[in-house]
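# Give the three-dimensional model of this entry:
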Amino acid sequence: MKTTDNFRSGFVSIVGSPNVGKSTLINVLVGRKISAVSEKPNTTRNRILGIKNLSGAQLIFLDTPGIHRAAKGSLGKGMVQASMAALGEADVIILMIDVKFPFNRQDLYVIQKLPKPAILVFNKIDLIKKSMILSLINQSQQFHDKFLEVLPISALQADGIDDLIQTTVKYLPIGPKYFPEDMITDRPERFLISELIREKVFNLTREEIPYRTAVVVDEFYEDDEKNLIKIYAVIYVERENHKGIIIGKNGQTLKKIGSFARVDIEKIFGTKVFLKLWVKVKERWTDRADLIGEFGYSR
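Got it, this is the predicted structure:
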């Protein structure tokens, strides 16, 4: 693909502790929801690639599961391994820290694991007084050899995003355009759909339930006669009582999951969507490498 001699491109890993806003940031950067977002930690399970095209650069962002030292089970450990692999592949690393809980044990663990200096991003500045931002920047000076630059942003409010993009471009190498301009992710449509459904499960259920669910799209096709996309998907859980919670009284919880997910899916495809969901039990799937792989999650 032909590019100018000063065109910049490369891979940018967005890393940090669980629940710092990595998925919200990547959705804002690419201008479309490609990664599940929830207030609950560890929503992201896979490494998700998002592409930002500029006139003189192509930024390929990697949204990663939260890095934490206390990962448990095959699924949890696989998620952390995916994040660590993304660190090694990156041309530029963006380390996100929550301004409400800065430089906690998890942050220090991630900083220790950085293979090279990163761009430090303080996220959620909309939740603190502006006077506190300078204090956080001063605190970061103790890690002067670990950070290229320090930027305050609010991913939720899209505040500081342009500065972050331009700063990131500055550290990208000269290189080719890796993906076509109309491409914003390398993930297939079925994956995006499953992420949107799983996001609703996270937002509508509590405690261990969302972490024990997987979503698989069994069928996805266009009905040209009805100008409609038909989707049939399964929500897998580990226990029979989990199934009852997902379905809810008189099926109300499952209906809400389907209804909310359908609205987001219709925004992506720009057409009406028929979405049918089932709930099935696969005991202890989060500890079974074969099922983790079958369901399409990181191992």
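# Now for Ile246, how many residues are close by?
Other residues lying near Ile246 total 23 when counted by other CB atoms under 10 Å. The way it works is simple: take the backbone N, C-alpha and C, and place the C-beta from them, glycine included.
# Could I get the buried residue list for the one helix or strand it maps to?
According to DSSP states H and E, Ile246 maps onto helix 240-247. Within helix 240-247, the residues scored as buried using 16 or more other CB atoms under 10 Å are 242-243, 245-247.
# So which of these is the closest to Leu192?
Minimum separation from Leu192 among the buried residues of helix 240-247 (CB to CB) is found for Ile246, which lies at 20.8 Å.
# Which residue ranges of the stretch 101-250 of the chain form strands?
Per DSSP state E, counting those that start in this stretch, the stretch 101-250 of the chain carries strands over the ranges 118-123, 147-152, 214-223, 228-237.
# Deepest in the core, which of those strands is it.
Ranked by mean neighbour count under mean count of other CB atoms under 10 Å, these are led by strand 118-123, which reaches a mean of 24.
# picking up where we left off before, where among the strands of the stretch 101-250 of the chain is the average confidence lowest?
In terms of mean pLDDT, the lowest-scoring of these is strand 214-223 (a mean of 91).
# picking that back up, now the element after the helix holding Ile246, going C-ward?
Under the assignment DSSP H and E, the closest C-terminal helix or strand after helix 240-247 is helix 252-269.
# between that next one and helix 240-247, how many degrees?
60 degrees (axes from the mean of the first three to the mean of the last three CA atoms, to 10 degrees).
# Give the next helix or strand downstream of helix 252-269.
strand 272-281.
# on contacts alone, who are the packing partners of that following strand?
With contacts defined as 3 or more CB pairs under 8 Å, 6 or more residues apart in numbering; DSSP states H and E, the packing partners of strand 272-281 are strand 228-237, helix 240-247, helix 252-269.
# Relative to Val150, which of the ones you listed is closest?
With respect to Val150, and counting by CB to CB, the nearest of those is helix 252-269 at 33.6 Å.
# Could you list every helix and strand in contact with the closest one?
With contacts defined as 3+ CB pairs under 8 Å, 6+ apart, the packing partners of helix 252-269 are helix 189-204, strand 228-237, helix 240-247, strand 272-281.
# got the angle for it vs strand 214-223?
50 degrees.
# Give the bridge partners for Val92, please.
Here Val92 sits in beta bridges with Val12, as judged by DSSP bridges.
# you'd agree it is up against Tyr171?
Yes - under the criterion of CB atoms under 8 Å, Val92 lies in contact with Tyr171, with a separation of 4.9 Å.
# Which one of these two is surrounded by more residues?
Higher neighbour count among Val92 and Tyr171: Val92, with 24 against 17, using other CB under 10 Å.
# helices or strands up against the helix holding Ile246?
strand 228-237, helix 252-269, strand 272-281.
# any weak-confidence spans in the stretch 1-150 of the chain?
1-4, 36-48, 65-88 (pLDDT under 70).
# Any chance you could list residues touching both of Val92 and Tyr171?
Both Val92 and Tyr171 are contacted by Ile119, under the criterion CB atoms under 8 Å, 6 or more residues apart in numbering.
# shouldn't Phe260 be in contact with Lys200?
Yes - under the criterion of CB under 8 Å, Phe260 is in contact with Lys200, at a separation of 4.8 Å.
# Who has more neighbours out of these two?
Looking at Phe260 and Lys200 with other CB under 10 Å, you find the greater number of neighbours at Lys200, namely 26 against 16.
# so how far is Glu240 from the more buried one?
Distance of Lys200 to Glu240, computed by CB to CB, to the nearest Å: 21 Å.
# ditto for Lys177
Using CB to CB, which is the criterion applied here, Lys177 is 50 Å from Glu240.
# Please apply the same query to Arg8.
53 Å.
# Same check on Leu120?
Counting by CB to CB, the gap between Leu120 and Glu240 amounts to 46 Å.
# likewise Pro152?
Between Pro152 and Glu240 the computed distance is 47 Å (CB to CB).
# Generate CSV for the helices and strands packed on strand 272-281, with distance to Gln139 as supplementary columns.
Formatted as CSV, the entries for the helices and strands packed on strand 272-281 read as follows, by distance: least, CB to CB, whole Å:
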stretch, distance to Gln139
strand 228-237, 42
helix 240-247, 42
helix 252-269, 38
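# looking at the ones you listed, which is closest to Leu291?
Judged by CB to CB, the one of those that comes nearest to Leu291 is strand 228-237, at 8.1 Å.
# Tell me who's in contact with Leu243.
Careful, residue 243 is Lys and not Leu. Neighbour list for Lys243: 237, 279-281 [criterion: CB under 8 Å, 6+ apart].
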